[in-house]
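A.B. asks: Dropping a prediction and its sequence here:
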Amino acid sequence: MSILKMENIEKSFGDNHVLKGISLHVDKGEVVSIIGPSGSGKSTLLRCATFLETIDSGTITYDEKNAAETTGGKCVYAKNLNEFRRIFGLVFQNFNLFPHYTVLKNMMDAPVSVLHRDKEEVREECIALLGKMGLAEKANAYPCELSGGQQQRVSIVRALAMQPEILFFDEPTSALDPELTGEVLKVIKQLAEEKMTMVIVTHEMAFARAVSDRVIFMDGGVVVEEGDPEEVFGNTQSERMKQFLKNYDRNN
Amino acid sequence: MTLMTIITKMAEGLEKTCAIFFLTLLFAIPLGMIVALLRGSRFRPVSWFAKVYISVLRGTPLMLQLIAVTYGPYYLFGISVSRNKLIPVVIAFTINYAAYFAEIYRSGIESMSVGQYEAAQVLGYSKLQTFMKIILPQVIRRILPALTNEIVTLVKDTSIAFTVSYQEMFTIGKQIANSQTSFVPFVVAGVFYYVFNVIVGFVMGRIEKRMSYYKM
């Protein structure tokens, strides 16, 4: 069953045509990596999926319900977007933790004040989640007291505390120095093993190959190549992706 | 007149000085926030109104505004000037300081990264929740030094109430200075204001320290 269906998404910023009729389907339990050069529209696609950008035309469907649809050339969003927001979580490149809240409060506040869940119950869940991620002793720390890798792990557990059905990652390791990427990738890998549905925009090729069920290579606002990671990386078909991987290898 | 008598007489006016000070803060701090939010409104006439408000109240002297609010009703509508001048004085100070506070709030709100709004939006916070829980606490922390600056100025500006003969500390001092041909009341006033501001500085410093449990 697919959790997310995006069909024929078009998005322009002024004259810049970023997404050119792109489609993306994600099934339950699937891990999809999106790779591609800068400016190919990867992040914009995620931002459209999470309603941070509005699409010009196309359809966005979560759990068979339309969040946005285009009829007669006019794109209309559902009125109850916040109900759709409960379905997904997003991990940002630069974390965007709330600096004035402790780690625990960062996690607990949305479940309590947005979902109106029982505070004690949420607290127990969050503490258990922190323990699982090896952050138990950081519960009462402020984000500024944590390393970049720890901050990104906290932003992952903050998203998980909302119990999303699907989790989006927008270049989760790009703001980290190489030594700290490992701990974040390990957490994502752990979630993949637990069959968390995830869409990961990343520049970490080896990681994308190892963790994904499906890899999508985007360039110029369209999907150039898509498939099983071993197939896509091991037997690349398109010239554009071959070149991209060659440049990537040369630089690493 | 001995120094002690001068001090005692002027100290009697301190109550009124404090009344201007605290009442202005009480009303101007929230009014400034309303003006700042109106200025940020996407509805043009509203933001335009707020801009004009700020422009006029910052662009003309507080002294003129004080005279206008106190005597304007008489010249315009023939309403006699009330005996209790505290009301027009506080109104004039409030509308003037709200304009300055509004710009301080705006600088704080605009300094927030868009990522904070986006994180809150994805987590499902309403616009009001985002502002009250995520944005405002961080804005207050950021603008405290600028706010302190303005509050220190307000302490000294209370002396401008002498223009409408409101019997606060400085007005009394000025009357004594005139009748006794003495410079002493001005020295006393200077000491009063300075001590007042040392206290303000101390209190604001404590608040700043209290709020600096995290780094931005």
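C.D. replies: Here it is on my side, so go on. Only a predicted model underlies this, so the values are computations on that prediction, with no experimental measurement involved.
A.B. asks: My understanding was that B:Gln138 contacts B:Ser113; is that so?
C.D. replies: No - between B:Gln138 and B:Ser113 there is no contact under Cβ atoms under 8 Å: 9.7 Å. (C-beta placed from N, C-alpha, C; glycine too.)
A.B. asks: more crowded one of those two?
C.D. replies: Residue environment comparison for B:Gln138 versus B:Ser113 gives the larger neighbour count to B:Gln138, 21 against 12, counting by other Cβ atoms under 10 Å in any protein chain shown.
A.B. asks: Tell me the confidence at that one?
C.D. replies: The pLDDT attached to B:Gln138 in the predicted structure is 96.
A.B. asks: how close does it sit to chain A?
C.D. replies: In this structure, B:Gln138 and chain A are separated by 6 Å, where distance is defined by Cβ to the nearest Cβ, to the nearest Å.
A.B. asks: I'd guess that residue is in a strand, am I close?
C.D. replies: No - secondary structure of B:Gln138 (DSSP: H, G, I helix; E, B strand; the rest coil): helix, not part of a strand.
A.B. asks: Ignoring the adjacent residues along the chain, who's closest to it?
C.D. replies: Sequence neighbours aside, A:His100 is the residue nearest to B:Gln138 in space, at 5.7 Å (criterion: Cβ to Cβ, 6 or more residues apart in numbering or on different chains).
A.B. asks: before we move on, what about A:Lys11?
C.D. replies: For A:Lys11, ignoring the flanking residues on the chain, the nearest one in space by Cβ to Cβ, 6+ apart is A:Leu19 at 4.0 Å.
A.B. asks: Likewise for B:Ala19?
C.D. replies: Setting aside the residues directly before and after it, B:Ala19 is nearest to B:Leu86 in space (Cβ to Cβ, 6+ apart), at 6.1 Å.
A.B. asks: Name all residues that make contact with the one you found.
C.D. replies: Applying Cβ atoms under 8 Å, 6 or more residues apart in numbering or on different chains, one finds that B:Leu86 lies in contact with B:Lys16, B:Ala19, B:Ile20, B:Leu23, B:Tyr166.
A.B. asks: Need the phi and psi values for it.
C.D. replies: Summarising the backbone geometry of B:Leu86 under the convention degrees, to the nearest 10, its torsions are phi -60, psi -40.
A.B. asks: same deal with A:Phe217?
C.D. replies: With angles defined as degrees, to the nearest 10, A:Phe217 sits at phi -100, psi 120.
A.B. asks: can you check the one 5 residues further on too?
C.D. replies: Summarising the backbone geometry of A:Val222 under the convention degrees, to the nearest 10, its torsions are phi -130, psi 160.
A.B. asks: same check, this time on A:Lys28
C.D. replies: The phi/psi pair for A:Lys28 (degrees, to the nearest 10) is phi -60, psi 130.
A.B. asks: distance of it from A:Ala192?
C.D. replies: As for A:Lys28, its distance to A:Ala192 is 13 Å (criterion: Cβ to Cβ, to the nearest Å).
A.B. asks: and what of A:Lys42?
C.D. replies: If you measure A:Lys42 against A:Ala192 using Cβ to Cβ, the figure is 19 Å.
A.B. asks: Between those two, which has more neighbouring residues?
C.D. replies: Per other Cβ under 10 Å, whichever of A:Lys42 and A:Ala192 has more neighbours is A:Lys42, with 26 against 19.
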